[in-house]
Every structure is written in structure tokens, then in C-alpha cells.
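> how would this look folded up:
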Amino acid sequence: MNQTAVNKIVVSWDPGHDGGHLDEYIVGYRQNGSYSWTFISVAGNQTRASLNIMIGEKLFFFQVKAKNKYGISAARGELPFQGAKI
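Numbering: from 1, shown residues only. Alright, predicted model coming up:
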């Protein structure tokens with residue numbers, strides 16, 4: 001992850017592949033202390049997403065799931081990211 005501005009972060013990931021057709025990724029994020037996730041869809045041929053969120057110096061958690069015609073994968077966990085003063 002890379003914070004490019006006080007209100008922008010770029011999340012990237014390595015694709016997993018189990019032999020099935022991937023339709024899209026679902027990127028989720030939440031601020032520390034909140035249990036409410038926000039999700040965005042990303043095309044299956046992409047492995048990065050630019051998120052316009054007011055991250056500032058706050059702690060956020062991110063996760064990525066894959067989606068195809070059979071359903072949505074489980075996230076591999078939550079990855080923390082501490083924002084910085086830019």
C-alpha cells in the first residue's frame with residue numbers, strides 16, 4: 001500500500017489463482033475502531049485500486065476478496081495501514 005496524498009491510498013495485491021475464471025476483486029477497508037466495512041469492485045484483470053478516502057494519520061485495515069460465478073472467496077485476513085502526515 002502506498003499513501004499518495006492525505007486523501008488517497010493505492011492498494012495493490014498479487015493475484016491468487018485456483019484455475020477458475022475470475023470476474024472481479026472486492027477491496028474492503030475500515031477505520032480502526034469501526035466494524036463497518038466499505039467495499040469497492042475492481043475488474044478481475046486489475047491488481048491495484050486507488051481509494052479516495054480521508055486517511056490522514058489514521059489507522060485503517062484492508063482486505064481483498066476474489067469473485068467469480070461460484071461466489072466470493074474468503075479474505076486472507078486484514079492488513080493494517082497507518083496513514084502519515086503528507
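> Within the helices and strands, which one has the residue positioned nearest the centre of the chain?
Computing the C-alpha centroid of the chain and ranking residues by C-alpha atoms, centre = their mean puts residue 27 first, at 3.4 Å. Element membership of residue 27 [criterion: DSSP states H and E] is strand 24-31.
> Give me the neighbour count for residue 75.
16 (other C-beta atoms under 10 Å). Any C-beta I mention is one placed from the backbone N, CA and C, and that applies to glycine too.
> Identify the residues contacting it.
By C-beta atoms under 8 Å, 6 or more residues apart in numbering, the contact list for residue 75 reads 28, 63-65.
> Please produce TSV containing the residues you listed, extended by pLDDT and distance to residue 80.
Shown next, in TSV, are these (pLDDT from 0 to 100; distance: C-beta to C-beta, whole Å):
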residue	pLDDT	distance to residue 80
28	97	13
63	96	11
64	95	14
65	94	17
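> Of those residues, which is the most crowded?
residue 64 (21 neighbours).
> Please tell me how far that one sits from residue 55.
17 Å (C-beta to C-beta, to the nearest Å).
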